[in-house]
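[1] from the sequence below, what's the structure:
(chains A and B)
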Number of protein chains: 2
Amino acid sequence: MRQFVVTGHDAPTTPDFSLDDLPSGAGRLDVLCRCVNSAFFLSHAIREDVRAYLVLADSFTIEFDGREVRRLNPDERSTAARIRGALEQREEAIGHIPAETSPGVSIRRVGFEQTLRDVAEESTIVELHEAGTPVVDVDPPEDPTFVLSDHRDFTDEEAALLDELSDQRVRLGPHAMHADHAITVAHNYLDTAGYTAY
Amino acid sequence: MRQFVVTGHDAPTTPDFSLDDLPSGAGRLDVLCRCVNSAFFLSHAIREDVRAYLVLADSFTIEFDGREVRRLNPDERSTAARIRGALEQREEAIGHIPAETSPGVSIRRVGFEQTLRDVAEESTIVELHEAGTPVVDVDPPEDPTFVLSDHRDFTDEEAALLDELSDQRVRLGPHAMHADHAITVAHNYLDTAGYTAY
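    Residues are numbered from 1 along each chain as shown, chains lettered A, B, ... in the order given. Coordinates of the predicted model:
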């Protein structure tokens, strides 16, 4: 199982945003939508062994489960509509219990810390860091969780938590890249068993 | 210089499409927009040493030049608007002479073959193929051009031309992937000098 946690610092927590203005009015929701795309899409197939968690302004987390998700399309707008649909049902997420809002998509009233602590229990947390070990020199973990940030850096609190919970600290290349691109590179690293199996 | 040619088989050749329906009404223009994103964006920077060519239904080719392009945003919708703006000025592209339609973006009345023959004169054409050499076993070329297709396979004519003009045939991993993901992986391969320099 491969997991990706993406924290969207300015992401909406209510459904009253326009699909016509994802970058600005919807707080860079376009970034999170592209992360969903990168996490799940192969050519003419969905990666079933993947879960992606979008943390919205540290208040709600929307989970996409590749085994269950249906009718996911690769474009930003339709994924944003799926997120908006989840936010329309946010009152059904009570306590820390997730509410499924469409097949394979659920919303939970938790922020970054709880989401990360939960996935850390059952996976290897991989931190992407410019001072990390070149990923090519690290054996791919069996059940990795990559933790990513949107267009902003991690906050100091997020970075401290990540330092506490991370099992590996790697870098994917010499340049800092967008979160969705990092997911694509991480998949390629895992698909090729660390650039050894094509 | 890194170049990417992406052929959009169903892409529009006139500007009368809605930005609200890129996947369907605009012939999967969302795919081409994501390719522009992958070709140019680093975290908080644009890759200047890149050119991307979007071939629209084998009739027009829109070029994005990383040295000249301004105000490019990563979301699909704004890139689609830039493409629509280029198509609004398509009558200014006379013969095979490109017309610049916004800074760093130009339109030319040529299809896949002419675009590919032109870039082949000054670069190493890299074909992505499931039977190709694992890319990790190939030294990165100095001036590569990667040639990609949208959601459809290359036509027989396109594949034959690519076979004729390609200098290398590689595969990026064990799974066929979306064109924009392939661009991201290609950049990572080149950025790391074939997964050796981080």
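[2] only C-alpha atoms from now on, for both contacts and neighbour counts.
    Fine.
[3] quick one: residue A:64 and residue A:55 touch, right?
    No - Residue A:64 is not in contact with residue A:55 according to C-alpha atoms under 8 Å; the separation is 11.6 Å.
[4] out of those two, which sits in the busier spot?
    residue A:55 (32 against 27; other C-alpha atoms under 10 Å in any protein chain shown).
[5] please identify the helix or strand for that one.
    Assigned by DSSP states H and E, residue A:55 belongs to strand A:50-56.
[6] tell me the mean pLDDT for that strand?
    The average of the pLDDT scores along strand A:50-56 is 98.
[7] what lines up beside that strand in the sheet?
    strand A:2-8 (parallel), strand A:60-65 (antiparallel) (DSSP bridges).
[8] so how far is the first one from its chain's centroid?
    When you say that, I think you mean strand A:2-8. 2 Å (C-alpha atoms, centre = their mean, to the nearest Å).
[9] what segments of chain A are helices?
    A:29-40, A:76-88, A:112-120, A:156-165, A:179-191 (DSSP state H).
[10] okay, the ones you listed, which one's buried deepest?
    helix A:29-40 (a mean of 26; mean count of other C-alpha atoms under 10 Å in any protein chain shown).
[11] look up how far residue A:130 lies from residue A:26.
    Distance, residue A:26 to residue A:130, by C-alpha to C-alpha, to the nearest Å: 29 Å.
[12] of the two, who's got more company?
    residue A:26 (21 against 16).
[13] count the residues that sit near residue A:142.
    The burial count for residue A:142: 11, using other C-alpha under 10 Å.
[14] hang on, it packs against residue A:122?
    No - look at residue A:142 against residue A:122 with C-alpha under 8 Å: they stay out of range, at 10.7 Å.
[15] these two touch, right, residue A:90 and residue A:100?
    No - counting by C-alpha under 8 Å, residue A:90 stays clear of residue A:100, with 9.9 Å between them.
[16] which residues do those two both contact?
    Here residue A:90 and residue A:100 have residue A:107 as joint contacts, going by C-alpha atoms under 8 Å, 6 or more residues apart in numbering or on different chains.
[17] more neighbours: which of these two?
    Taking other C-alpha under 10 Å, residue A:90 and residue A:100 do not tie; residue A:90 has more neighbours (23 against 19).
[18] what's the separation between the closest residue in space to residue A:84 that isn't next to it in sequence and residue A:100?
    In space, and not counting its chain neighbours, residue A:84 is closest to residue A:15: 5.0 Å by C-alpha to C-alpha, 6 or more residues apart in numbering or on different chains. The gap separating residue A:15 from residue A:100 is 16 Å, by C-alpha to C-alpha.
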